[in-house]
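Undergrad: Pasting the sequence and the predicted coordinates here, then a few questions.
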Amino acid sequence: MKAIKIHQPNHLETIEIPIPQPAENELLIQVMASGICGTDIHIFRGEYLGPYPVTPGHEFSGVVTAVGQAVTRFKPGDRVAVEPNIACDNCYNCLNNRQNFCLNWQAVGVTRPGGMAQYVTAPEKACFNIGDLPFEEGAFMEPLSCVLHGMQRLGPELAGKIALLGAGPIGCLILQVARLQGAAEITVAEKNRSRLEASLAFGADRLCSNLDDLQKDHYDAVIDATGALPVIARTLDFVRPGGKVLWFGVPPSGKTIPLEPFTVFRKGLTVLSSFTSVRNSTQALDLLQSGRISAAKLVSHQLPLEEFQQGIESIESGEAGVMKVLIKPNG
């Protein structure tokens, strides 16, 4: 089979390797759609977790082609999506329902081979049946589950005013979830004009192309969906006294921002982050299958496996019209 292999930061190639065999508790999945995530870009650029070499890809769906002897919930032919974070379920954090901070954490596409390949193995407990949901939408189970976890942590007020910084695929998922949670007014800030305008279809009320145009000390909640350090550094400016800030976007590791603790103190702020998800995959699938969350319109490009790096560069370039780039390893 063909697979992408990142050997070291900024160096990858398409290689041919044997199709893996599932362990007794694993599924072998033919990958039909695999989304390029900001985390994949950080891995490629040497800015995130995980050892090298690695086959990336943690947002994917496909068809079960083989199952291990101990598998009971799936059979060949089933259509599945994968929750990439694999917890041991036996360490201190897991036993306290903090599986996302498992002390023996593994992740498909980060610490073990991922979905940027024609076939991949995953533990049965990490797989979810997507039924008739199109593969392209099933690949959104993982990012949506992360969004749901973050928004549950934030707990936005009913009829609240929200400032959402960033209108990429994650930002537009957050936008839809915030609308479902009862936000009265959502202002979206995004410098990419095509993304900014696209956010209207997902529930944005007001658009802003420059952070300087946002009202200061005004919003009940401010959410960063960019991971860009200069943007994160401005979030405290816009939240009202007693409000909440959610840093959702993935920033580069090893970097810092200037922060005045007195601002947090004086405004009585709650500043939150969100790391992966905790048992949110079923919720995500329910919302996708019900149509309450729209994912299909977020897909702008579908590329063959060999064009994985071109997909990354298209996202990084910020060119008009680029949203979620899906890789189709099997055509």
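TA: That came through fine.

Undergrad: From here on, just use CA atoms for contacts and neighbour counts.
TA: Fine.

Undergrad: Quick check: can you list the domain ranges of this protein?
TA: Domain assignment for the chain by automatic domain parsing gives 2-140+295-328, 147-273.

Undergrad: need those in TSV with distance to Arg279, can you?
TA: Formatted as TSV, these follow (distance: least, CA to CA, whole Å):
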stretch	distance to Arg279
domain 2-140+295-328	9
domain 147-273	9
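
Undergrad: so which of the ones you listed gets nearest Leu285?
TA: Nearest to Leu285 among the domains of the chain is domain 2-140+295-328 (7.1 Å), distances taken as CA to CA.

Undergrad: How far away from the center of its chain is that closest one?
TA: Offset of domain 2-140+295-328 from its chain centre (CA atoms, centre = their mean, to the nearest Å): 11 Å.

Undergrad: got the end-to-end distance for that domain?
TA: For domain 2-140+295-328, the first-to-last residue distance is 12 Å (CA to CA, to the nearest Å).

Undergrad: from now on call the first residue 52
TA: All set: I'll call the first residue 52, so the last point we hit is now domain 53-191+346-379.

Undergrad: nearest to Ala335, of the domains of the chain?
TA: Closest approach to Ala335 among those (CA to CA): domain 198-324, 7.4 Å.

Undergrad: distance between the ends of the closest one?
TA: End-to-end for domain 198-324, by CA to CA: 11 Å.

Undergrad: how close does the spatially most central residue of the chain sit to Glu208?
TA: Nearest to the mean C-alpha position of the chain, counting by CA atoms, centre = their mean, stands Pro194 at 3.2 Å. In this view, Pro194 and Glu208 are 23 Å apart by CA to CA.

Undergrad: which stretches of the stretch 102-251 of the chain form strands?
TA: Taking DSSP state E, counting those that start in this stretch, the strands of the stretch 102-251 of the chain run over residues 110-118, 130-133, 136-137, 157-158, 170-174, 178-180, 212-216, 236-240.

Undergrad: how about JSON lines for the ones you listed, with mean neighbour count and distance to Leu377 added?
TA: Putting these into JSON lines (neighbours: other CA atoms under 10 Å; distance: least, CA to CA, whole Å) gives the following:
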{"stretch": "strand 110-118", "mean neighbour count": "25", "distance to Leu377": "9"}
{"stretch": "strand 130-133", "mean neighbour count": "28", "distance to Leu377": "14"}
{"stretch": "strand 136-137", "mean neighbour count": "20", "distance to Leu377": "20"}
{"stretch": "strand 157-158", "mean neighbour count": "18", "distance to Leu377": "20"}
{"stretch": "strand 170-174", "mean neighbour count": "25", "distance to Leu377": "16"}
{"stretch": "strand 178-180", "mean neighbour count": "21", "distance to Leu377": "19"}
{"stretch": "strand 212-216", "mean neighbour count": "27", "distance to Leu377": "23"}
{"stretch": "strand 236-240", "mean neighbour count": "23", "distance to Leu377": "24"}
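
Undergrad: Nearest approach to Val376 belongs to which of those?
TA: strand 110-118 (11.0 Å).

Undergrad: before we move on, could you check phi and psi at Leu297?
TA: Backbone torsions for Leu297, taken as degrees, to the nearest 10, come to phi -120, psi 120.

Undergrad: which residues touch it?
TA: By CA atoms under 8 Å, 6 or more residues apart in numbering, the residues touching Leu297 are 201, 205, 272-275, 322-325.

Undergrad: Mark which of these are buried, thanks.
TA: The neighbour count (16 or more other CA atoms under 10 Å) marks 201, 205, 272-275, 322, 325 as buried among those.

Undergrad: what bits of the stretch 152-301 of the chain have low per-residue confidence?
TA: Within the stretch 152-301 of the chain, no range satisfies pLDDT under 70.

Undergrad: which residues in it form helices?
TA: Ranges of helices in the stretch 152-301 of the chain, per DSSP state H, counting those that start in this stretch, are 186-189, 192-205, 220-231, 244-249, 280-283, 286-289.

Undergrad: Does the residue of the chain positioned farthest from its centre belong to a helix, a strand or coil?
TA: Ranking residues of the chain by C-alpha distance from their mean position (CA atoms, centre = their mean) puts Arg317 at the top, at 32.8 Å. The local conformation at Arg317, judged by DSSP: H, G, I helix; E, B strand; the rest coil, is helix.

Undergrad: Show me the one of the domains of the chain that comes nearest Asp337.
TA: Among these, the nearest to Asp337 by CA to CA is domain 53-191+346-379 (9.4 Å).

Undergrad: quick one: the strands in the stretch 252-382 of the chain?
TA: Counting by DSSP E, counting those that start in this stretch, one finds strands in the stretch 252-382 of the chain at the ranges 257-259, 270-275, 290-298, 321-324, 350-355, 375-379.

Undergrad: now the first one, how far from the chain's geometric center?
TA: In terms of CA atoms, centre = their mean, the centre of strand 257-259 is found 23 Å from the chain centre.

Undergrad: What helices and strands are in contact with that strand?
TA: Contacts defined by 3 or more CA pairs under 8 Å, 6 or more residues apart in numbering; DSSP states H and E place strand 257-259 against strand 236-240, helix 244-249.

Undergrad: excluding its backbone neighbours, what's nearest Leu339?
TA: Ser345 (6.7 Å; CA to CA, 6 or more residues apart in numbering).

Undergrad: Surely the one you found and Asp337 touch.
TA: No. Counting by CA atoms under 8 Å, Ser345 does not reach Asp337; the two are 11.8 Å apart.
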